[in-house]
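[1] Sequence and predicted structure are below.
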Amino acid sequence: AQSVTQLDSQVPVFEEAPVELRCNYSSSVSVYLFWYVQYPNQGLQLLLKYLSGSTLVESINGFEAEFNKSQTSFHLRKPSVHISDTAEYFCAVSDLSNFNKFYFGSGTKLNVKP
Amino acid sequence: DGGITQSPKYLFRKEGQNVTLSCEQNLNHDAMYWYRQDPGQGLRLIYYSQIVNDFQKGDIAEGYSVSREKKESFPLTVTSAQKNPTAFYLCASSPGLAGGANTGELFFGEGSRLTVL
């Protein structure tokens, strides 16, 4: 089975600073990769996903993530954060050898300070 | 609008009582899931269903039960056997198998917060 590791449980950062949220997964088999965002007392919303093709994927609000197969990583980055980016972020993996099963990391709380 | 509806959003239960959380989707998705979320532990899979009238246990199924009698509905019952039921419960769905591969992400409801008094 897959496991997903988010190394940082909390990341404090000042507004307009860059940020990187780290995600590593365990297996080298073919996977689909996702980042979700969760605001307090709400469900998860898809931020971006990697299925195939270009290893760099982008979201509409300035986040990007790069799939690195050799390092089994899918780190999320944003060059300049905004107060409204304060939320919890979850990395997830869908294992292509086990269709329809998703594995989640423990989450990273991003706290953007003014 | 298409989406997933969970109800109730907040629920209080006395110890020893069963409670059922509702999850309905109008996305025409084949697969549905129930996750439990606790602070600092991420999401843990309780049950999932890939097709009507079929479901499988996830990682923490003990003390929970589900049914999948209709494609659009996947209710979760938290039984009195669940030792620590206070948590935030999330229902999700995905398109399921498409041409032999899962090409879809998970779509989530707004969640139900269960508190045992």
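    Perfect, I can see it now.
[2] how about the residues of chain B that lie near chain A?
    Where chain B comes near chain A, counting by CB under 8 Å from any CB of the partner chain, the residues are B:4, B:6, B:31, B:33, B:35, B:40-43, B:45, B:48, B:50, B:88, B:90, B:92, B:94, B:96-97, B:101-103, B:105-111, B:113. In short, each C-beta sits where N, CA and C put it, glycine included.
[3] Separate out the buried members of those.
    For these, a burial check counting by 16 or more other CB atoms under 10 Å in any protein chain shown picks out B:4, B:6, B:31, B:33, B:35, B:42-43, B:45, B:48, B:50, B:88, B:90, B:92, B:94, B:96-97, B:102, B:105-109, B:111.
[4] Select from the residues of chain B next to chain A every entry located in strands.
    B:4, B:6, B:31, B:33, B:35, B:43, B:45, B:48, B:50, B:88, B:90, B:92, B:94, B:97, B:101-102, B:107-108, B:113 (DSSP state E).
[5] Report the helix or strand with the lowest average pLDDT across chain B.
    None of the helices or strands of chain B scores lower by mean pLDDT, DSSP states H and E than strand B:101-102, at a mean of 50.
[6] and stretch B:60-68, which residues are buried?
    For stretch B:60-68, a neighbour-count test (16+ other CB under 10 Å) marks B:Ala61, B:Tyr64, B:Ser65, B:Val66, B:Arg68 as buried.
[7] Next, format the residues you listed as a markdown table and append secondary structure.
    Listed next are those as a markdown table, based on DSSP: H, G, I helix; E, B strand; the rest coil:
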| residue | secondary structure |
| --- | --- |
| B:Ala61 | coil |
| B:Tyr64 | strand |
| B:Ser65 | strand |
| B:Val66 | strand |
| B:Arg68 | coil |
